[in-house]
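1. no FASTA, just this:
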């Protein structure tokens, strides 16, 4: 099984890219993680719906080969690290590659949200997209460490 983070956006600060690369490197061979940047649609005079539709087209192309789609959204399920680890463990048993989708500044197209297998949120706070990407990388590594009984995560 492989994990992918598909994130609309570009021009990450170097420290975010370095942080994501560190957690990608730490993932076990049997559960590789890749972070893919999806080009945001230039704003210009386009409506929000036009922007989201264009980004959805790019996301759909990047989602080829993934059998499970997890959308990150402010209205998604609020998970603890242990609950995320439980979901990850279940997905590992079921098999199939899993993509986590982080939308751009205007969010994610509603049709893509409806198609998703799961919808989660990282925080009740509004996070910059770069931070959301880094936090998701770290939390996926932390969840794997819980599943594998690695001492990285300490509870209590």
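-> Structure's in. What do you need? None of the values given here were measured: they were computed from a predicted structure.
2. contacts and neighbour counts: CA atoms only from here.
-> Fine.
3. which of the residues in whichever strand in the chain runs longest are classified as buried?
-> Assignment by DSSP state E gives strand 68-78 as the longest strand of the chain. Going by neighbour count (16 or more other CA atoms under 10 Å), the buried part of strand 68-78 is 68, 69, 70, 71, 72, 73, 74, 76.
4. closest to residue 13 out of these?
-> Relative to residue 13, the closest of those is residue 72; by CA to CA it sits at 21.0 Å.
5. the inter-axis angle of whichever helix in the chain runs longest versus strand 68-78?
-> As assigned by DSSP state H, the longest helix anywhere in the chain is helix 129-147. Relative orientation of helix 129-147 versus strand 68-78 (axes from the mean of the first three to the mean of the last three CA atoms, to 10 degrees): 100 degrees.
6. farthest-separated two in the buried residues of strand 68-78?
-> Spatial extent of these (CA to CA) is set by the pair 68 and 74 at 19.4 Å.
7. about what we covered before: tell me which of the buried residues of strand 68-78 is nearest to residue 115?
-> residue 69 (7.9 Å).
8. how many neighbours does residue 101 have?
-> 26 (other CA atoms under 10 Å).
9. what's the helix or strand it falls within packed up against?
-> In the assignment (DSSP states H and E), residue 101 maps to strand 98-102. Here strand 98-102 touches strand 3-8, strand 68-78, helix 129-147, going by 3 or more CA pairs under 8 Å, 6 or more residues apart in numbering; DSSP states H and E.
10. export those as CSV, with columns for mean pLDDT and distance to residue 18.
-> Output for the helices and strands packed on strand 98-102, formatted as CSV (pLDDT from 0 to 100; distance: least, CA to CA, whole Å):
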stretch, mean pLDDT, distance to residue 18
strand 3-8, 97, 15
strand 68-78, 95, 22
helix 129-147, 95, 9
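11. give the bridge partners for the residue nearest the centre of the chain, please.
-> When the chain is reduced to its mean C-alpha position, the nearest residue by CA atoms, centre = their mean turns out to be residue 100, at 3.2 Å. Beta-bridge pairing for residue 100 (DSSP bridges): residue 5, residue 70.
12. cool, thanks, talk later.
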